[in-house]
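**Q** okay, predicted coordinates and the sequence, questions at the end:
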Amino acid sequence: MSNESAAIIVPTDISLMVREIKAAYTRYLREFRVPDDHIILVNFSAGKDSTTTATIAHHIFGDRVRSVMADTDNEHDLTIDFARNIHLQIGSNPVEVVKRIYTEAEFSKRRERVIAGWKTKQTIRLGAYRGVVMPSLDRSDTKFGQAWLKTAERWGIEFETALDAALSVLHPSGNSFLDAALLHGQFPQLRNRFCTDELKIQIVYDAVIKPLIDDGEVVVQWSGVRAQESTKRAAYKRFDKDNRDPDFLYNFLPIHQWTAADVFALHKYFGIKPNPLYLQGADRVGCMNCVLCNKQEIAETAARWPEYQERHKEWEQKVRLASRWVHWMSVGTFDQAWMRAMGVKRLGNEKQIYGLEPDIQHIEWSGFYGPRGGMGSPNVDEVVEWAKTGRGGKVYDLVKASLDTEVCSSRYGLCE
Ligand code: SF4
């Protein structure tokens, strides 16, 4: 927010803008035939936009508004504190904080699948390794099994096989973000953002929305999505049916056309102090860090709150044990003897893998941040070191530009 843009917002603008929201909402309710006694549910993320949304909803509809936040277990402590206390500033009902808990039964199912799947050889169906037959991970008497024991030594773990190592971590850890990554065998990525889906969207639906709808209620979710944040967000309709239950569930984006300056002006108008992380220099709040966050944020978080870096490092060490690919590739690059010894072949033309050798990866980590800075599978420390360096070059900037739009693409405004 620039000082100039903040300066042109005067209190009367805000009250007019809030009145516009009320009038538009009334029109939408009529147009979509939403009953007057519907439930108003604010998706709260503890960021500036959802704080604004909760404040407006309460200003117009008072105590009939409910706000709900999904705690991913990868949040900054200050964010959770803010969510638990924001009602004191707004004068509203407290925010209901929900969390996806992964059960022992879910892990037990995953263990069964891993036991069955990892015992057998596996033919890779896609990508550079298509057609390559990968070895069983439950043998220590094979060339691969022997080579993997060196991996175990390097990692400082004592297991006979990769399968044993995986089974040791496939139990609820007490942290939902880590549990999700363990069950998926990897951290979330741009194209596989199971964190948002499972830890935010699905849990709010399961824990709050579905029980209301099952009781015959109609629910309108208010979200702090703003068009300015990305082209994807700009394309959302301000009011629409929600495909998950189109007759009972609707989405309303009250501040869709607002700027960031408007949002901070509203805070000022209502005397609301935003999440303190903004005052400490954060551009966005929420997961600390988001797996998709940019280079600058990685460097800033590492400098300000190194304890989160330590936590992610510990997670990486566990998640790599749950990844079949990391086990295979941890043995891959330096000595392909295990592959030759196994007679690893391509499907079809029986071609030996020798021709593939230059492409064989060597992976030690299921990296929290995914590939960065030209590194295929860096760990948190390597990413932080890279983030501390100057500009990452043109390639990085292109990646960053695409991330900036994708990170903010949730319709529900749950990932800032
Ligand atoms: S903020 Fe990032 S890490 Fe957190 S749930 Fe959203 S996409 Fe996942």
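**A** Yep, that arrived.
**Q** and Gly145, backbone torsions?
**A** In this entry, Gly145 is assigned phi and psi values of phi -60, psi -40 (degrees, to the nearest 10).
**Q** what about it, distance to Gly47?
**A** 49 Å (CB to CB, to the nearest Å). C-beta: built from backbone N, CA, C; applies to glycine.
**Q** of these two, who's got more company?
**A** More crowded of Gly145 and Gly47, by other CB atoms under 10 Å: Gly47, with 25 against 19.
**Q** so Tyr250 sits in a helix?
**A** No - under DSSP: H, G, I helix; E, B strand; the rest coil, Tyr250 falls outside any helix and is assigned strand.
**Q** compute the number of surrounding residues for it.
**A** Tyr250 has 21 nearby residues by other CB under 10 Å.
**Q** which residues touch it?
**A** Counting by CB atoms under 8 Å, 6 or more residues apart in numbering, Tyr250 touches Phe32, Val34, His38, Val218, Val219, Val220, Gln221, Phe239, Asp240, Lys241, Asp242.
**Q** next one: Ile203
**A** Here Ile203 is in contact with Ala70, Val98, Lys99, Arg100 (CB under 8 Å, 6+ apart).
**Q** returning to what we had before: most neighbours, which of the contacts of Tyr250?
**A** Neighbour max across the contacts of Tyr250 (other CB under 10 Å) = Gln221, 23 neighbours.
**Q** just the buried ones among the contacts of Ile203, please.
**A** Buried subset of the contacts of Ile203 (neighbour count, 16 or more other CB atoms under 10 Å): Ala70, Val98, Arg100.
**Q** just for the chain, where's the confidence low?
**A** Residue ranges of the chain with pLDDT under 70: 1-12, 128, 332-361, 390-416.
**Q** which residues of it fall in strands?
**A** 39-43, 65-70, 96-98, 122-123, 133-134, 219-222, 239-241, 249-252 (DSSP state E).
**Q** so which of these comes closest to Asp197?
**A** strand 65-70 (11.0 Å; CB to CB).
**Q** can you name every helix or strand that the closest one contacts?
**A** strand 39-43, helix 48-61, strand 96-98, helix 203-204 (3 or more CB pairs under 8 Å, 6 or more residues apart in numbering; DSSP states H and E).
**Q** what about the ones you listed, which gets the closest to Asp141?
**A** The nearest among those, by CB to CB, is helix 203-204 at 44.1 Å.
**Q** does the ligand sit close to that closest one?
**A** No - shown here: helix 203-204 not in contact with the ligand (CB under 6 Å from any ligand atom), separated by at least 11.1 Å.
**Q** the ligand contacts on the chain?
**A** So the chain meets the ligand at 72, 74, 188, 193, 195-196, 199-200, 286-287, 290-292, 415 (CB under 6 Å from any ligand atom).
**Q** pipe these into a markdown table and attach neighbour count and distance to His256 per row.
**A** Output for those, formatted as a markdown table (neighbours: other CB atoms under 10 Å; distance: CB to CB, whole Å):
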| residue | neighbour count | distance to His256 |
| --- | --- | --- |
| Thr72 | 25 | 25 |
| Asn74 | 25 | 27 |
| Pro188 | 24 | 26 |
| Arg193 | 21 | 22 |
| Cys195 | 25 | 25 |
| Thr196 | 21 | 20 |
| Leu199 | 27 | 25 |
| Lys200 | 25 | 20 |
| Gly286 | 24 | 20 |
| Cys287 | 25 | 24 |
| Cys290 | 23 | 22 |
| Val291 | 20 | 27 |
| Leu292 | 22 | 23 |
| Cys415 | 22 | 17 |
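**Q** next step: the residues you listed restricted to helices.
**A** Using DSSP state H, no member of the residues of the chain next to the ligand falls in helices.
**Q** thinking Glu106 is in contact with Leu182, fair?
**A** No - using CB atoms under 8 Å, Glu106 is not in contact with Leu182; the gap is 10.3 Å.
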